[in-house]
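# Pasted the sequence and its predicted model underneath.
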Amino acid sequence: QVQLVESGGGLVQPGESLRLSCAASGSIFSIHAMYWYRQAPGNQRELVASITSDGKINYPESVKGRFTISRDNAKNTGYLQLNSLKPEDTAVYYCSADIQDRRYGPPLNYWGQGTQVTVSS
């Protein structure tokens, strides 16, 4: 079984920063793309960052320049640095990853349980 566990959320004031982590554990042969999504109350879940296994990164315009995604393949861990946070960034942030659990198996998509980020003065 593969698990993803997010951490690093919390309550911050506008303009402050947070660093979210996503640790993958279990039967892992290879982690392909990693993603960060967020979902605010009453809103649809939206993709805020993605990174491929070879480091190709994408962001939507709403977070470009403020959020930075990265990964440490040796630790099977992904990160999302959130800078210059705004109240509208308040949401539950979810990590997702396409993970191959055996050499000849297909990658499957896994999700973490989410971590709350609240930006308020």
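All right, it came through fine. Residues are numbered from 1 along each chain as shown.
# only C-alpha atoms for contact and neighbour calcs from this point on.
Noted.
# And the contacts of stretch 8-25?
Contacts of stretch 8-25 from elsewhere in the structure, counted by CA atoms under 8 Å, 6 or more residues apart in numbering, are 2-7, 75-87, 95, 112, 115-121.
# Tell me the buried residues in it?
Buried residues in stretch 8-25, counting neighbours by 16 or more other CA atoms under 10 Å, are found at 9, 12, 14, 17-24.
# Of all pairs in those, which one is the farthest apart?
With CA to CA as the measure, no two of the buried residues of stretch 8-25 lie farther apart than Pro14 and Ala24, at 29.8 Å.
# could you check the distance from the residue in the chain sticking out farthest from the centre over to Gln39?
Note on the chain: the largest C-alpha distance from the chain mean falls to Tyr104, namely 26.1 Å (CA atoms, centre = their mean). Taken as CA to CA, to the nearest Å, the spacing of Tyr104 relative to Gln39 amounts to 34 Å.
# Ser70 now?
The gap separating Ser70 from Gln39 is 20 Å, by CA to CA.
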